[in-house]
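**Q** I'd like to go over a predicted model; first the sequence, then the structure.
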Amino acid sequence: MQRRRNGVGRAVLLQSALCFGLLWLLEAADESPDQFALPDFSIYHTKDQVFEEVENLVKANTQIMKLDVLAISDEESDPPYRSSIKVVTVEPGGHSKDHEKKTRLLLNYGEHGRELITVEVALRLLQILADPSAELERADRPGGPGKARLKALLHNTIFKIVPMENERGRDLVEAGNLCERKNGRGVDTNRNWEVHWGYKEKDYDPNEEYPGTKPFSEPEAEALLELAKKFRPHVWMNAHSGMEALFMPYDHLPHIPSGEVAQATLQVLEKLNNVTCGGRCALGSGGKSVGYLAHGTATDYMYERLKVPLAFTWEIYGDNEAHFNDCFRMFNPVTPESFDRVVTSWADAIFALLELLPSHPAIPRVHMHSHTFGRKGDVGAKRSSKESRATPPGPDRKLGATMQGWQSRMNDAARLRAQVFDVPRGRKGLIGGVCVGLVAIVGFVVLVRSGGRAAASKRAARRRREDAAR
């Protein structure tokens with residue numbers, strides 16, 4: 001009887017091993033790189049092509065553009081860590097020494113290596129600024145700001161644009177590591193800033209967000225800090241991809257700041273959401289709207305420490321249906337049509353933002369007075385009493401189920417890789433269900449048979465005792 005019971009147990013184990021072995025093979029097949037999207041460099045630019053185009057634009061427009069190359073390094077590390085950050089200064093009104101009377105925007109792209117699309121937006125924006133004629137014509141559309149007003153706004157604005165912060169991380173992506181977001185030595189530079197640095201949530205994954213050994217341990221973050229200190233921007237915008245969202249501080253707290261300035265900033269984002277996102281974007285603080293808290297981010301530092309009044313993180317694209325290991329597709333559009341749509345709309349978003357800045361209380365009105373080009377009341381107009389009154393802090397806006405579903409997938413990605421059953425793959429779910437069912441049935445049979453044998457054994461023992469008693 002014991003041998004028969006052991007035989008059934010071995011059958012259950014063998015069946016389970018066969019089922020889960022098949023699932024493992026299917027998992028390996030599903031995760032084959034052949035099934036995942038790869039960068040199409042007939043649509044995207046390589047890193048070298050990006051900077052070649054940037055240099056050509058600056059050389060052709062020296063009257064309004066200037067390129068600075070910041071050599072950054074950590075010579076004390078072993079081996080020494082070296083990279084660079086290229087910064088394009090654009091003054092559509094012509095170079096000037098006095099920036100105090102101009103609205104100053106610091107725009108950062110390409111902080112995470114795998115988010116190639118953000119770099120393409122930076123490149124498109126530079127192309128438009130080099131020749132804004134088409135943008136000026138669009139400004140005359142019904143409801144638009146008007147060509148003269150947009151021209152005046154540009155004349156009184158200075159941009160500093162970082163087309164690709166994370167050059168070393170981009171090298172890793174172009175070498176085939178399509179999921180890499182960190183810099184060349186494994187640090188997420190958007191967790192390396194000093195505000196709330198080093199705090200780790202329960203789902204902290206060092207493969208995604210290792211913050212470094214100390215605040216500003218990374219040359220990229222330190223270089224951006226020095227740039228921001230010298231430039232003293234009114235606007236900081238950090239572009240990312242993975243979803244569609246317009247975020248303001250805080251990232252490390254589940255709410256936006258209080259006060260008139262923060263409420264005015266939220267109103268700017270609400271208007272941008274309608275213009276750029278068609279109302280789809282998540283709004284409010286990253287710490288609440290995205291579904292998790294992020295510590296040591298650039299946007300929180302810009303707002304808290306450097307007192308940048310309008311500090312933004314814009315998430316410009318995300319494929320919620322992409323497999324969690326299909327990183328290029330998850331973070332970047334893969335067709336020419338979707339590529340052009342994303343790049344065009346988010347480059348235009350900077351001009352839409354520019355139109356909204358004069359109404360913000362943190363932007364001194366003097367910045368908009370110099371060139372009205374005959375449009376009386378367009379520039380420096382008085383705000384309505386409704387706009388000027390302080391409003392109480394309101395709740396953050398959420399995108400809803402779609403955005404939350406995306407965040408759930410991202411939060412669980414590491415755990416999903418270790419799980420056997422993958423719901424999006426129907427055949428594995430079916431086989432997994434069959435395996436569980438078979439194991440349950442065989443286990444039930446084993447229990448019933450064991451119980452029956454035990455009952456029979458008890459009855460036989462009772463009969464033997466009764467016979468012995470007679």
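**A** That came in fine, so what should we check first?

**Q** how about the strands in the stretch 201-350 of the chain?
**A** Under the criterion DSSP state E, counting those that start in this stretch, the stretch 201-350 of the chain contains strands at 235-240, 243-248, 282-285, 310-317.

**Q** If you could redo that for the stretch 51-200 of the chain, that was the one I meant.
**A** For the stretch 51-200 of the chain, the strands defined by DSSP E, counting those that start in this stretch cover 65-74, 81-90, 103-108, 157-162.

**Q** mind showing which ranges of the stretch 351-470 of the chain have poor pLDDT?
**A** 366-470 (pLDDT under 70).

**Q** Just put the strands of the stretch 201-350 of the chain in a markdown table and tack on mean pLDDT.
**A** Output for the strands of the stretch 201-350 of the chain, formatted as a markdown table (pLDDT from 0 to 100):
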| stretch | mean pLDDT |
| --- | --- |
| strand 235-240 | 98 |
| strand 243-248 | 96 |
| strand 282-285 | 94 |
| strand 310-317 | 98 |
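
**Q** can I get those strands in JSON lines with distance to Asp348 and mean neighbour count?
**A** C-beta coordinates here come from the backbone N, C-alpha and C atoms, glycine included. Output for those, formatted as JSON lines (distance: least, Cβ to Cβ, whole Å; neighbours: other Cβ atoms under 10 Å):
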{"stretch": "strand 235-240", "distance to Asp348": "14", "mean neighbour count": "25"}
{"stretch": "strand 243-248", "distance to Asp348": "14", "mean neighbour count": "26"}
{"stretch": "strand 282-285", "distance to Asp348": "19", "mean neighbour count": "25"}
{"stretch": "strand 310-317", "distance to Asp348": "12", "mean neighbour count": "26"}
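
**Q** Next, format the ones you listed as TSV and append distance to Ala294.
**A** Formatted as TSV, these follow (distance: least, Cβ to Cβ, whole Å):
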stretch	distance to Ala294
strand 235-240	11
strand 243-248	10
strand 282-285	10
strand 310-317	9
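
**Q** The ones you listed: which one's closest to Ala264?
**A** The closest of the strands of the stretch 201-350 of the chain to Ala264 is strand 310-317. By Cβ to Cβ, the value is 8.8 Å.

**Q** which one of the strands of the stretch 51-200 of the chain lies closest to Pro361?
**A** Closest to Pro361 of the strands of the stretch 51-200 of the chain is strand 103-108 (Cβ to Cβ; 13.5 Å).

**Q** what about the strands of the stretch 201-350 of the chain, which gets the closest to Tyr44?
**A** Closest approach to Tyr44 among these is made by strand 310-317 (12.9 Å; Cβ to Cβ).

**Q** Paired strands for the closest one, with orientation please.
**A** On the basis of DSSP bridges, the sheet neighbours of strand 310-317 come out as strand 235-240 (parallel), strand 243-248 (antiparallel).

**Q** what would those strands look like in a markdown table with distance to Asp140?
**A** A markdown table is the format used below for the strands paired with strand 310-317 (distance: least, Cβ to Cβ, whole Å):
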| stretch | distance to Asp140 |
| --- | --- |
| strand 235-240 | 25 |
| strand 243-248 | 26 |
